[in-house]
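Trainee: From the sequence below, what's the structure:
(chains A and B)
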Amino acid sequence: MGNLFKGKRKIAAYATTNSSEFEGLNWDELATYGDGGNITTEFNDDGSSMMFMSSGDGDYAENKGLPDQQTIGGFYGNKWKNYSIGNSAQFQKVRMNIQNNGYTKSILPGYSLYNTYAEDKLQTRKRYKMGSKNEWGTDSTGLFKLNLNAAQTSRNSNSTYTSETFNNNNSISSLLNKSIQERSNADKDNQLTGSLSYRQKLKKKGRSISAEAAWNLDDKTSEGSLYSSTRYGLSSSLDIVDQKKSGRQQSSYTNSSMIFTEPISKKSFLVFKYNLAIGKNESERNTKSKSGQGNYDQLVDSLSNHFQFNTFSNSGSLNFRYVDKKLTMSAGSGLGRVNYQANDLEKLTNRSISFANFLPVFNLVFKPKQQRRLSIDYNGSTTNPSLGQIQPLINNDNPLSIQVGNANLVQGFRNNMRFQFSDYKVLKSRSLNLNGGFSTTSNDIAMSTAVDAAGKTISKYINVNGVYDYDIRASYSRDIIKGISGGLVLRQDGGSNINLVNGIRNVTNYHSRSISLDFGYWGERWYSFNGSFRIGKSSSTSTLRPDFKNTYTTMSGYLAADLKFKKIKSYVNLWSDLTYYGSNDVFVKPLSMFVFTPTFSKIFGKTESFTAKLKVFDLFNQNRDINRNNSSNFLSQSTYNTLRRFVMFGFVYNLKNKSALATPAK
Amino acid sequence: MLNKIFTLFVLAVFHFTGFAQQTFLDRGKIFYERRISQLALQDLLMERNDGFSSIFVEEMKKQFPKVISDEYILEFDSQQSYYHAGVENTNNKYILTDFKPNETEFIHQQLDKNIAISKMNLFEKTYLTSDSLKKLNWKISGETREIAGFECKKAIATILDSVVVVAFYTDEITPSTGPLGFNGLPGTILGFAIPRLYLTLFATKVERMDTPIKVRYKPAEKFSSKKTAVADLKKVEMSGRWKDMMMLQIELK
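Mentor: Residues are numbered from 1 along each chain as shown, chains lettered A, B, ... in the order given. Predicted structure coming up:
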């Protein structure tokens, strides 16, 4: 890695290869060697500030398993009086080895199903991307920002998926089905995104205008195959699915908005906003099965389609804002209309649905004193079903678990409430925090699942009423002895989910409760540390089987410590993380892991420009990526392979204060 | 209406001619403009300035004014002076809210009794302190400078062992007093600078005041000492640079 500053000009280039990260640059490096990513910074009048970060790539969700990646890239940026530019280019290749396994226990009327699965997947992703950020002007004369990004991503994946489903009836279990699936997929995605924005603060104090237009063009083609062989029960015959799939999806989406703020007095303002979003989407999917000759030339009608989806959304809002030293409040509402239009280009049918949107908001912040704050928030929002949920498309990626859309879905409405109280006394190092939230959704979108005797499930999207969730948290911390602070946190959260199982309405009430003890010392002594230990209980019950209690203990905690031996220029960082999930009838084995990572570093040289580092990640080799879900009658747990014990030696040589050259080696 | 404007005009003229004729002033009101280069000060306080932090600082430089300017007022007579914030500058946006003028704070120097009463806020606590007047070892240089129509002489001193402060005082205003609790020069301080804080304070206007000085506390109130505030701050765990800045803040209140 290297970068060069000359005045306001910055040139950076980097090449990285490693097998412990999914991205070539971390956030901090992105700021030094790249364009800094998409960061929005907000500064409030009370001296606090917030930074929002977002990744434009949107593929962090697929970052699972073990990575092996190479990245090369560069950045050029320059700044003149009222103009700045930043151009970046990057090529990245990542190979991911993903092993996922887990089980699901389905609590059904009178009996239950137990499904175990394992997936072994190899995925490679190659991505070329370029970006340009430009800025002209100032806030008072008008500030223009233009961002352009282009990316080409190709992915290749191959996976083997095996699963077994058993019927658990009165402790006698019998095999219902056993399946092996081989899936492969290759896709290529061309994407062009950009935004142009304008902001100006007008002469009258508090009057401002801003406008933004953003667009996203995407063209994705994919080719894939599915081979699945399933044996039901003790039957001697196999149910084979052998298909080739191809698809193309082209979409364009634009979103424009305009905001105008007008002061009506020194302390109150009106904020007008108008938003227009237009989306066009054409999707074609063809599934072909083998004909008698052995070629894949028979089109499977139920799994092939060609659609055009258009969305058109239009909304305006008016908000009143009042800003005073101790009290800030805002209230208002947005009104809008969204229209979905779907044209089936194969069956030549058209469908059009419109929803009216209503979005009330209320917010109040009261600061009676310095470092004491109370806030109350309410917002209501309409939730519209997505096109995928409305269109009766069938997805058979897993032939044992099929999902079907529902054309009769209606719009839902979500009410959200939150309160927050905090009181901080700096001199006494005492802090008190209370916060909580509650939300309910009417006509929420849920699943209606039909499970047949062979253990096959078909899920359909439906509307349900009575869904809610809540959370509440109280914490207190204070100085205990000589700058060491101690704290106590009590938490409770939970809610109610509703779904339909074989036509029977099922209400799942879930909640968890925990208590944690925190401690820490951040002072200027030769050591600093902080840690937390939390113990709690998680439970859920389903009306389908009220006799079935699902409760388990959870524990988590961490301890981090820094030791500074300034005289010998040596530093030690110790980091450890504890996770424990208890066992019960469903989750028969408890899961526990303790990840301990020590790092030693020493600085050499008169100018302190040379640093040697030794890091042992997960010394006890216990790291796992675990997920447990108990918020419905389908109780599941999954485990992904993830990075475990490794040793890293690092040498960092800083040529100068602001230019760096690093060669991490593994 | 026209009459009123005319009276004001006459009054203004009277004031100016008043100063020109009178060589020595022992009672009046001084308006100061305090300027702080807050971006430069913030840079100094940042522990690190690379990678992520540099983006933060860049963004801050765009959204905050480089310099914040505020009004402070010193009312004085031969026995006492009363220093407090003036009219709020609503256009200001402060990076460090500690530098936002607080209308409840004041410094009341009782020159004849060698006492300074001060009301100050430190985080969640408010202190009403009574201490003896600052005693500094001023070194008067020959340099002069005109501030608000008065000829001022330059003097230099050190506070808190190492912080250099520069004062411009005039002997045409006789009380030995000044802003921020400073005093001890043969005249009143009209200009003041603390290079460490990127702070300057210059008089913009001097007015005659015939009404007696009104203080905003009762003599029977309970007083603590600045030493209490210093001790309280010492107990708080925070980075060295911040603590030094806060110590300096207490010294100036």
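
Trainee: Identify the residues contacting whichever residue of the stretch 351-500 of chain A sits closest to chain B.
Mentor: Closest to chain B within the stretch 351-500 of chain A is A:V426: 3.7 Å, counting by CB to the nearest CB. Any C-beta I mention is one placed from the backbone N, CA and C, and that applies to glycine too. Listed by CB atoms under 8 Å, 6 or more residues apart in numbering or on different chains, the contact set of A:V426 reads A:Q371, B:F123, B:E124, B:V236.

Trainee: give me phi/psi at it?
Mentor: A:V426 has phi and psi values of phi -70, psi -50 when expressed as degrees, to the nearest 10.

Trainee: filter the contacts of A:V426 to the buried ones?
Mentor: Buried members of those, counted by 16 or more other CB atoms under 10 Å in any protein chain shown: B:F123, B:E124, B:V236.

Trainee: where's the residue of the stretch 351-500 of chain A closest to chain B relative to A:T41, distance?
Mentor: 24 Å (CB to CB, to the nearest Å).

Trainee: go on, A:W215?
Mentor: On the measure of CB to CB, A:W215 and A:T41 end up 24 Å apart.

Trainee: rewinding a little: mind checking which of the contacts of A:V426 are in strands?
Mentor: Of those, none are assigned to strands by DSSP state E.

Trainee: and the next element down the chain from the top strand by length along chain A?
Mentor: In chain A, with assignment by DSSP E, the single longest strand is strand A:172-201. On the C-terminal side of strand A:172-201, the closest following helix or strand by DSSP states H and E is strand A:208-232.

Trainee: Apart from its chain neighbours, what residue comes closest to the residue nearest the centre of chain B?
Mentor: Geometric centre of chain B, nearest residue: B:L180, 3.7 Å, by CA atoms, centre = their mean. Once flanking residues are discounted, B:L180 sits nearest to B:L252: 4.6 Å by CB to CB, 6 or more residues apart in numbering or on different chains.

Trainee: wait, A:S159 sits on A:A118?
Mentor: No: with contacts counted by CB atoms under 8 Å, A:S159 stays clear of A:A118, the gap being 10.5 Å.

Trainee: what's the residue nearest to B:L180 in contact with, if anything?
Mentor: B:L180, B:G181, B:I194.

Trainee: can you redo these as JSON lines with secondary structure and pLDDT?
Mentor: Shown next, in JSON lines, are the contacts of B:L252 (DSSP: H, G, I helix; E, B strand; the rest coil; pLDDT from 0 to 100):
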{"residue": "B:L180", "secondary structure": "helix", "pLDDT": "96"}
{"residue": "B:G181", "secondary structure": "helix", "pLDDT": "95"}
{"residue": "B:I194", "secondary structure": "strand", "pLDDT": "95"}
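
Trainee: Closest one to B:K222 out of those, please.
Mentor: B:G181 (20.3 Å; CB to CB).

Trainee: so what's the nearest residue to that closest one once chain neighbours are set aside bridging to?
Mentor: The spatial neighbour of B:G181 that comes closest, neighbours along the chain excluded (CB to CB, 6+ apart), is B:I107 at 4.7 Å. Using DSSP bridges, the bridge partners assigned to B:I107 are B:Y83, B:S118.

Trainee: neighbours around B:I107, how many?
Mentor: Neighbourhood size, B:I107 [other CB atoms under 10 Å in any protein chain shown]: 23.

Trainee: residues in contact with it?
Mentor: Here B:I107 is in contact with B:Y82, B:Y83, B:H84, B:A116, B:I117, B:S118, B:L180, B:G181, B:K253 (CB under 8 Å, 6+ apart).

Trainee: what number of residues lie near whichever residue of the stretch 151-253 of chain B sits closest to chain A?
Mentor: For the stretch 151-253 of chain B, the residue closest to chain A is B:E237, as judged by CB to the nearest CB, at 4.0 Å. Residues near B:E237, counting by other CB under 10 Å, number 18.

Trainee: Can you report phi and psi for it?
Mentor: Taking degrees, to the nearest 10 as the convention, B:E237 sits at phi -90, psi 110.
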